[in-house]
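Asker: quick one: sequence plus predicted model below, questions after.
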Amino acid sequence: WSNYAPVVNADTRRLVFSIIATLDMEMLQFDVSTTFLNGYIYHDVFIEQPLGYNDGSDKVCKLKRGLYGLKESPRAWNTRFDEIIVKYGLVASKLDSCLYYRREEDKLTIVILYVDDGIICSTDPNEITKIFDFLNQYFKVNRVDSNTYVGIEFQRKREDRTVYLSQPRYTLAKLTAFNMAECREVRSPLSTDDMYGESIEDNVYQYREAIGSLLYLATKTRPDICFAVTLLARFVSKPLEVHVRAVKRIFRYLSGTRNFGIKLGGHKCKFKFLAYSDADFAGRKTDRKTTTGYVIMFNGPILWRTKTQKVIVDNTEAEYIACSMCSKDLRYIMNILTEINISFEKPTVFVDNQSALVQLKQLGIPSKLKHIEIKHHLIRQLIQENILAVEWIETGKQLADWLTKGLSPDKHERMIELWNMFVN
């Protein structure tokens, strides 16, 4: 762990983009040249005399700064940048160490860093220039005139206070790499037909590589394929032909939707804070385990998850635990917003199970839920302390539905509309 170098979290990046769009903040991208050479090495690391310099002795060189290829270099660079940006007057977040901020009355400044790529944003344009010039005193910092950050393309519409995140180039590159660029398109990423039937093992297809490529998409800008990819990721150790066909179906779906993405912002200086949680009770046909899905919306989707629960007694318990799991990530986002002093209304979590809703709002723990682990009762405390609210929503409007199961093409397209996913 002593060599671990953090980067800004993907959820934090989406949160920051939502804030940028909603508050109509000025933004500047930058990257640092010869990044790892800027970090100081504080313990003994010795190297042989480099090519082109040799005094004829057996002496070795003691490193004072990092080098590319040295495992200590990423941590040394991150520590050095942290020292400099804090010296300017920004504060490092306690929840994401690569998120820096400063709040002065009505002026907000945020800096995020992913290795050597960063974004400076502020409600005061002069503040951005000051930070950039300050960093240039210590590093060689370059302005980046690009609409791509860490492989994710973004488009701002400042008149609407919106920003659109997508990965069309990455998607096309993967379609080409797996010979699916000119395949026949389908309307949904996962067939509702049984994919657990008898089949033979497939040792030829690059299954693991395909799943890895799709997971990057699913966790960054494509929640519409999240469940399908995580479902198929369970078979990477021994994929069958039926699983390979399912992976190819996802690529066929992406072929027709590679310009899809998520939309953030859209509410002038106001933040709409909602969450949706759902559970597919005993939906996994191999072991009858339950799948949880939830999404947190902060003027657009900033966090979504698909997870497997342990053995659950009934549907009410499954929905109860799903809502509790959602509340933990919801609390994380709330803590970040509170830390950087952004005001927001009390968030609401929507569930589509009336029985679970009654159990969540009930003061005492009912006998049928006493066996549940204590950590899952966190949400009851949050509700009773009026930190968040829980409300019922009909299944047809449950935005987390496609994070728990495969949907028919018609329902899947309806979900795309509800998520307000856009076409670039």
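Answerer: Structure received.

Asker: name the SS class of residue 286, please.
Answerer: At residue 286, secondary structure determined by DSSP: H, G, I helix; E, B strand; the rest coil is coil.

Asker: okay, now it: neighbour count?
Answerer: 8 (other CB atoms under 10 Å). C-beta coordinates here come from the backbone N, C-alpha and C atoms, glycine included.

Asker: same question for residue 129.
Answerer: Counted with other CB under 10 Å, the neighbours of residue 129 add up to 14.

Asker: what helix or strand does it sit in?
Answerer: Following DSSP states H and E, the helix or strand that holds residue 129 is helix 125-136.

Asker: please identify the buried residues of that helix?
Answerer: Using 16 or more other CB atoms under 10 Å as the test for burial, helix 125-136 gives 127, 128, 131, 132, 135.

Asker: my guess is the last one contacts residue 141, does it?
Answerer: Yes - in terms of CB atoms under 8 Å, residue 135 counts as a neighbour of residue 141; the distance is 4.8 Å.

Asker: identify the contacts common to these two.
Answerer: 30, 32 (CB atoms under 8 Å, 6 or more residues apart in numbering).

Asker: which helices and strands sit right next to the longest helix anywhere in the chain?
Answerer: For the chain, the helix reaching the highest residue count under DSSP state H is reported as helix 315-339. Helices and strands touching helix 315-339, by 3 or more CB pairs under 8 Å, 6 or more residues apart in numbering; DSSP states H and E, are helix 10-23, strand 273-280, strand 291-298, strand 301-308, strand 348-351, helix 354-361, helix 378-384.

Asker: redo that, cut-off 7 Å
Answerer: Secondary-structure packing of helix 315-339 (3 or more CB pairs under 7 Å, 6 or more residues apart in numbering; DSSP states H and E): strand 273-280, strand 291-298, strand 301-308, strand 348-351, helix 354-361, helix 378-384.

Asker: avg pLDDT for that helix?
Answerer: Helix 315-339 shows an average pLDDT of 93 in the prediction.

Asker: quick one: buried residues of that helix?
Answerer: Within helix 315-339, the residues that qualify as buried are 315-327, 329-334, 336-337, 339, counting by 16+ other CB under 10 Å.

Asker: tell me how far stretch 248-260 lies from the chain's centre.
Answerer: 20 Å (CA atoms, centre = their mean, to the nearest Å).

Asker: quick one: contacts of that stretch?
Answerer: Here stretch 248-260 makes contact (CB atoms under 7 Å, 6 or more residues apart in numbering) with 166, 168, 171-172, 175, 178, 180, 183-186, 188-191, 214, 222, 224-225, 228-229, 421, 423-424.

Asker: and what of stretch 362-373?
Answerer: Outside stretch 362-373, the residues that touch it by CB under 7 Å, 6+ apart are 317, 320, 321, 359, 377.

Asker: right, and the second one touches residue 361 too?
Answerer: Pointing back at residue 320 there. No - counting by CB atoms under 7 Å, residue 320 stays clear of residue 361, with 11.2 Å between them.

Asker: show the contacting residues for residue 66.
Answerer: Each residue near residue 66 by CB under 7 Å, 6+ apart is listed here: 36, 37, 39, 41, 72, 73, 76, 77.

Asker: Throw the residues you listed into TSV and include secondary structure and neighbour count, thanks.
Answerer: Output for these, formatted as TSV (DSSP: H, G, I helix; E, B strand; the rest coil; neighbours: other CB atoms under 10 Å):
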residue	secondary structure	neighbour count
36	helix	21
37	helix	16
39	coil	22
41	coil	17
72	coil	19
73	helix	23
76	helix	23
77	helix	25
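
Asker: which among these gets closest to residue 28?
Answerer: For these, the residue nearest residue 28 by CB to CB is residue 77; the value is 20.3 Å.

Asker: and the residue nearest to that closest one when sequence neighbours are not counted, how close does it get to residue 171?
Answerer: Closest residue to residue 77 apart from its sequence neighbours, by CB to CB, 6 or more residues apart in numbering: residue 39 at 3.9 Å. Residue 39 sits at a distance of 35 Å from residue 171 (criterion: CB to CB, to the nearest Å).

Asker: tell me which residues of stretch 161-169 are tucked away?
Answerer: Buried residues in stretch 161-169, counted by 16+ other CB under 10 Å: 161, 162, 163, 164, 165, 166, 167, 168.

Asker: residues in contact with the fourth one?
Answerer: Meaning residue 164. 154, 155, 261, 263, 422, 424.

Asker: show me the beta-bridge partners of residue 273.
Answerer: Going by DSSP bridges, residue 273 is paired in beta bridges with residue 298.

Asker: so how far is residue 178 from it?
Answerer: Remark: distance between residue 273 and residue 178 (CB to CB) = 38 Å.

Asker: got it, and residue 7?
Answerer: Distance, residue 7 to residue 178, by CB to CB: 27 Å.

Asker: bridging residues for residue 28?
Answerer: Counting by DSSP bridges, residue 28 is bridged to residue 120.

Asker: my guess is it contacts residue 127, does it?
Answerer: No - using CB under 7 Å, residue 28 is not in contact with residue 127; the gap is 10.3 Å.

Asker: what helix or strand is the most far-flung residue of the chain relative to its centre on?
Answerer: Distance from the C-alpha centroid of the chain peaks at residue 56, with 53.4 Å (CA atoms, centre = their mean). Assigning secondary structure by DSSP H and E places residue 56 outside every helix and strand.
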